[in-house]
Each structure stands twice: as structure tokens, then as C-alpha cells.
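*Asks:* okay, here's the prediction I keep looking at, along with the sequence it came from:
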Amino acid sequence: MPFYDDWTKSQFLSENGYALPTFSNNTSDPSVYGREVAFLSGLVGAFTAAIMTYVRASYPACRFEVLYPTDVNQTLFNQAVNFPSSSWTPSALTVLKTESFGFTFGRNLDKAVQSMDFGDPRFPASQRSHLVGIGDSTTAWLKEAQMAEGKRFESVVLFALDQFCLVGYGLPLPEALRRSLGMAF
């Protein structure tokens, strides 16, 4: 986990009076490391805010979105550090975009839906987007895209246009099946 560059270590020591502990995995309990989590999350928030300020100096009407991969941020520790909720707010970001390629390619639509729902209710559907990794016909990417469309997000983005073209998918994409079957016993 990349928390240990010299600047980060010295800033943490200066602000807290002790060295940043070594986290050897991402399963640490964030409630045990309140100062550390707040500091590291604050760095992410400050970094993105600095980028937005710099860009707005030249392009005042620029819109900003954050791409948040929920599959690699499943643990509470990663969520606490990598999603600076005090900085990434609906007033600061135009769009919160989620993606979960690991869930898509693992054929886990339940987890993909959890990705789409991440951040609710702070970000309304009009400020949400979902990035879907295109794969072959054995993965659930098309169903995931249809599910994201059903949530009425600001956008649903397909990633890997080269795959789309190489496989030869047709346009427009097929609509989701809307069939049901009732059986009496």
C-alpha cells in the first residue's frame, strides 16, 4: 500500500507526533486507526481538490468526475482511505462514476449492482455513471450495462471499444428481456 513516501511519512509525523504505522494489508479496522485514515483520506481529497482548482484557473466551467473502482475497494479500510467523503461531494463533483471490472469478469451481477448503488443517496442518479468493461459473450457485461441503464444514471460507459469492434457486437445494443413466467402448482 503506497502510503510510505518520504513526504507522506514526514507530514504524518509532523501533524501527529508519531510515525505512520505500517499497514501490511487492507483488512485493518479503520476505526482503530482514526487519525491515520483521516490523514490518508485527506491526502486523496486534497490532491483531487488541487487538481480541480488548477484546471478551473484555465477552464472555469470544467466538469469533474471521479472513477471509483468498488471491486478493489471492498474492504472497510480501503473504502475509508480511498473515498474522501468530505471532499468528494455532489457539490464538488459533477459525476461519481463507479466500475467493477473484477465483478463483471467474475460474472457476479449481485456485486456489480452493489457497485452501481455505491454512494447512494448522496449522489442522485443524475450525478452517477457506471463504467462497464466489455468482454466476450460469456461475461455479464451486457446485462450489467442494461441494469445500469435501468437506474437512469447520467451515463453508462462501455470500456474497451477495441474489444467491442473485434468481437463484432452489433448496434444498437439489445434491450433487456422483459419476460416473466408465473407457474401454478
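*Replies:* Alright, I've got the coordinates. Since this is a predicted model, take the numbers as computed values, not measurements.

*Asks:* assign a three-state SS to the spatially most central residue of the chain, would you?
*Replies:* For the chain, residue 68 is the residue whose C-alpha lies nearest the centre (C-alpha atoms, centre = their mean; 1.7 Å). Three-state call for residue 68 (DSSP: H, G, I helix; E, B strand; the rest coil): strand.

*Asks:* could you report the pLDDT at it?
*Replies:* On pLDDT, residue 68 comes in at 96.

*Asks:* just list whatever residues bridge to it.
*Replies:* residue 98 (DSSP bridges).

*Asks:* which ones are touching it?
*Replies:* 82, 83, 96, 97, 98, 99, 118, 119 (C-beta atoms under 8 Å, 6 or more residues apart in numbering). (Glycine included, C-beta is placed from N, CA and C.)

*Asks:* if we go to 10 Å?
*Replies:* By C-beta atoms under 10 Å, 6 or more residues apart in numbering, the contact set of residue 68 is 79, 82-83, 88, 96-100, 115, 118-119, 131.

*Asks:* what is the lowest-pLDDT residue among those residues?
*Replies:* Ranked by pLDDT, the contacts of residue 68 bottom out at residue 119 (80).

*Asks:* looks to me like that one is in a strand.
*Replies:* No. Per three-state DSSP, residue 119 lies outside any strand segment and is coil.

*Asks:* neighbours of it, how many?
*Replies:* If you count neighbours by other C-beta atoms under 10 Å, residue 119 ends up with 22.

*Asks:* measure it to residue 43 for me?
*Replies:* 20 Å (C-beta to C-beta, to the nearest Å).

*Asks:* residue 158: which of the contacts of residue 68 is nearest?
*Replies:* residue 131 (8.0 Å; C-beta to C-beta).

*Asks:* over to the closest one. Which of the three states is it?
*Replies:* Secondary structure state of residue 131, per three-state DSSP, is strand.
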